[in-house]
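J.: pasting the sequence and the predicted coordinates here, then a few questions.
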Amino acid sequence: MISLKNVTFKWHKDDAKPTLNIPHLSISKGEHVFLHGPSGSGKSTLLALLAGINTPTSGEVYILNNNLSQLSNTQRDIFRAENIGYIFQNFNLLPYLTPIENVTLGCDFSKKRKQLASQSHSLENEAARLLSALGLHSQDHNKNVATLSIGQQQRVAAARAFIGSPELIIADEPTSALDTANRESFITLLFNQAEQANSTLIFVSHDETLKPLFNRTISLVSLQEQI
């Protein structure tokens, strides 16, 4: 699913030290991976490389056997839309749309995911199914998303990432605003949906108390100390 080889990243070519320096990283299909590290360790930078938002200064980033450095900006945008669901830390929902509209919006950028999402239901019904499965009650599906609580908005963001069963789900600090009990409950729901969609899940957080919930943990600090 994911393979990084001798990857470095510098924001400016004249920087003395790279922001990220990873000799090797491999993640298999279907894994639920907890990636942790303190602020400044390069978590967001790594996610941007995995999503094809940025390309490495040196080395190779392979996702689904595609070398992202060899793709054009447009090709990376298409690849990301079709294969990667992203749960942002601040959710990035459109506040003037309903939860259903926010969830289905992602399919406007990917024919592949739109077709997969519409196989058994209409697109709207699949969005409603995901929202309910992730804990958002049906009476809230057509409200203005800006009127929902943080926890409810989090579920909308997760449903948007999962619609169309993307191969890879990246979750960037998605539970930082929740208390411990709600964090664990939400992660369990993420696991259930990842298994149903046969998606690989990379969950990024600085909160190491969540590690026991995952079948694999990766310390970004230790990963870069392999050098």
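T.: Nice, I can see it. Since we're looking at a predicted model, the values are computed, not measured. Numbers count the residues shown, from 1 in each chain.
J.: which other residues reach the strand or helix carrying Asn102?
T.: With secondary structure defined by DSSP states H and E, Asn102 is part of helix 99-105. Here helix 99-105 makes contact (CB atoms under 8 Å, 6 or more residues apart in numbering) with 93-94, 97, 117, 123-124, 127-128, 130-131, 136, 140-143, 145, 148, 152, 156, 159-160, 163. The way it works is simple: take the backbone N, C-alpha and C, and place the C-beta from them, glycine included.
J.: again, only this time at 7 Å
T.: For helix 99-105, the external contacting residues (CB atoms under 7 Å, 6 or more residues apart in numbering) are 93-94, 123-124, 127-128, 130-131, 136, 140-142, 145, 156, 159-160, 163.
J.: for the helix or strand following that helix, C-alpha coordinates in CSV please.
T.: The element immediately downstream of helix 99-105 (helix or strand, assigned by DSSP H and E) is helix 111-117. The C-alpha coordinates for helix 111-117 follow below in CSV (Å, rounded to 0.1, in the frame of the first residue of the first chain):
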residue,chain,number,x,y,z
LYS,A,111,-16.0,9.3,-10.9
LYS,A,112,-14.5,6.2,-9.5
ARG,A,113,-15.7,6.9,-5.9
LYS,A,114,-19.1,8.2,-7.1
GLN,A,115,-19.7,4.9,-9.0
LEU,A,116,-18.6,2.8,-6.0
ALA,A,117,-20.8,4.8,-3.6
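J.: which residue ranges form the strands in the protein?
T.: Along the chain, the stretches classed as strands by DSSP state E are 2-9, 20-27, 32-36, 58-63, 66-67, 84-87, 168-172, 200-205, 216-219.
J.: check which residues of stretch 31-45 are buried.
T.: Buried residues in stretch 31-45, counted by 16 or more other CB atoms under 10 Å: 31-37, 41-45.
J.: closest to Cys107 out of these?
T.: Checking the buried residues of stretch 31-45 against Cys107 with CB to CB, the nearest one is His32 at 24.3 Å.
J.: need the contact list for the closest one.
T.: His32 makes contact with 191, 194, 201, 214-215, according to CB under 7 Å, 6+ apart.
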